[in-house]
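S.K.: Let's see this in three dimensions:
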Amino acid sequence: MVEIFVESEFAPLRTVVLAQSELALPTNMPDADLDFLPPGALDSASAGQDFGTACPERQQSWLQERQDFDAVLRRYGVEVLRPRVLTGAEKAAGGQDGYANFFVRDPFFTVGNVVIEGSLRFRHRRREVFPVRDILIERVYPASCGYVAVPAPEIAADDDPTLGAGPFLEGGDVLVLGKHIFVGTSGLASNDLGARWLRKLLAPQGYTVEVVRLPREILHLDCALGLIRDGLMVVCEEALLDGIPESLKSWDRIPVSLRQAKELATNGLPINPDVYVTDPSFSWIGEQLTHRGITVEYVEFGISRSLGGSFRCSTQPLLRCS
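M.R.: Model prediction:
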């Protein structure tokens with residue numbers, strides 16, 4: 001029997017989906033929707049054009065980042081699955097909205113034994129689950145688990161900056177800690193209606209869903225908070241508008257600034273409670289983890305980070321359990 005279960009953010013990672021590297025930005029994406037990116041991050045990217053065509057050298061570096069990360073995961077015995085690439089028809093269907101197949105954390109996620117297809121706010125990302133469907137058919141359909149999708153978002157007017165009422169719910173905003181689920185809301189991704197939907201889905205199984213409000217400079221909750229092992233987190237307190245959640249206040253914390261959070265300092269990936277992957281740009285975090293007895297693996301991830309995501313964003317676990 002295929003196993004599907006996610007116990008927490010740091011339970012031993014056994015099976016994971018690792019993203020592809022495909023992107024074409026919308027031709028009319030409002031600047032306000034890019035507030036979460038560091039200044040100049042997309043200067044060399046052309047809206048409406050495939051990233052690999054516009055930036056071939058950066059595309060090759062991006063592919064290499066993902067390959068290097070893949071090698072680290074496999075070295076620790078993690079089964080790595082890859083989505084297929086987008087078809088020509090899928091790219092064409094995006095039209096002026098563009099397309100994406102680059103951060104697999106968001107189009108679907110797993111809580112306990114329930115696999116959930118998300119509902120993404122940005123228009124160029126709304127078809128991003130399609131390349132993962134083959135994996136879901138192969139792994140999720142035969143498994144003893146649930147499989148549901150967030151209701152499709154309503155169609156908003158072209159000049160509606162909110163992009164509609166949703167519900168929006170993206171995996172980067174969803175952190176799992178046993179039966180307690182945190183959902184981030186910044187106005188750029190998941191929203192309150194998405195969190196309400198998740199609460200309704202999971203409450204019968206004994207889960208609690210807690211909303212964590214974020215500023216618009218932070219796209220997802222995992223860009224402000226990373227749970228590294230039980231009792232230890234990396235966190236940008238400035239980005240948590242209501243402060244650190246009560247259930248985490250007693251935890252040991254490695255603090256990061258808002259600027260560092262926008263550079264994805266909190267978005268490393270625990271392979272298990274004793275091994276953590278991060279970018280060499282955050283060696284100062286790595287040093288603090290090493291002092292706490294954690295093995296730190298470094299992978300250069302500068303291109304991925306310039307596009308708004310890092311190690312957690314690039315992966316989606318199907319099996320994380322002790």
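S.K.: Going by C-alpha atoms from here, please, whenever you check contacts or count neighbours.
M.R.: OK.
S.K.: quick one: low-confidence parts of this structure?
M.R.: For the chain, the stretches with pLDDT under 70 are 1-2, 29-33, 35, 38-47.
S.K.: which stretches of it form helices?
M.R.: Secondary structure of the chain by DSSP state H: the helices cover 51-54, 56-75, 88-94, 133-135, 192-202, 258-262, 283-291, 302-306.
S.K.: could you dump those helices to a markdown table with mean neighbour count and distance to residue 312?
M.R.: Output for the helices of the chain, formatted as a markdown table (neighbours: other C-alpha atoms under 10 Å; distance: least, C-alpha to C-alpha, whole Å):
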| stretch | mean neighbour count | distance to residue 312 |
| --- | --- | --- |
| helix 51-54 | 16 | 21 |
| helix 56-75 | 16 | 11 |
| helix 88-94 | 14 | 25 |
| helix 133-135 | 15 | 19 |
| helix 192-202 | 18 | 20 |
| helix 258-262 | 20 | 13 |
| helix 283-291 | 15 | 16 |
| helix 302-306 | 20 | 11 |
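S.K.: out of the ones you listed, which comes closest to residue 228?
M.R.: helix 283-291 (9.2 Å; C-alpha to C-alpha).
S.K.: Show me what the closest one is in contact with.
M.R.: For helix 283-291, contacts defined as C-alpha atoms under 8 Å, 6 or more residues apart in numbering pick out 254, 278, 295-296.
S.K.: Grab the two from the residues you listed that are most spread out in space.
M.R.: Using C-alpha to C-alpha, the contacts of helix 283-291 span at most 15.8 Å, a distance reached by 254 and 295.
S.K.: ok, how many other residues are close to the closest residue to residue 162 other than its chain neighbours?
M.R.: Taking C-alpha to C-alpha, 6 or more residues apart in numbering, and ignoring the residues beside it in sequence, residue 162 has residue 187 as its nearest neighbour in space, at 7.8 Å. Residue 187: 20 surrounding residues under other C-alpha atoms under 10 Å.
S.K.: All the strands of the stretch 51-200 of the chain, residue numbers only.
M.R.: With strands called from DSSP state E, counting those that start in this stretch, the stretch 51-200 of the chain shows them at 79-81, 99-101, 108-111, 114-117, 146-149, 174-177, 180-185.
S.K.: would TSV of those strands with distance to residue 318 be doable?
M.R.: Listed next are the strands of the stretch 51-200 of the chain as TSV, based on distance: least, C-alpha to C-alpha, whole Å:
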stretch	distance to residue 318
strand 79-81	10
strand 99-101	18
strand 108-111	6
strand 114-117	8
strand 146-149	12
strand 174-177	13
strand 180-185	17
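S.K.: can you tell which of the ones you listed is closest to residue 12?
M.R.: For residue 12, the closest of the strands of the stretch 51-200 of the chain is strand 79-81, at 11.8 Å, according to C-alpha to C-alpha.
S.K.: Tell me how far that closest one lies from the chain's centre.
M.R.: Between the centre of strand 79-81 and the centre of its chain there are 17 Å (C-alpha atoms, centre = their mean, to the nearest Å).
S.K.: can you list the residues that contact that strand?
M.R.: Residues outside strand 79-81 that contact it (C-alpha under 8 Å, 6+ apart) are 14-18, 70, 73-74, 135.
S.K.: Over to stretch 250-266?
M.R.: For stretch 250-266, the surrounding residues in contact (C-alpha under 8 Å, 6+ apart) are 36-38, 217-218, 222-226, 231-239, 282, 285, 288, 305-306, 308-310.
S.K.: Kindly recompute the last result at 6 Å.
M.R.: The contact list for stretch 250-266 (C-alpha atoms under 6 Å, 6 or more residues apart in numbering) reads 223-226, 231-236.
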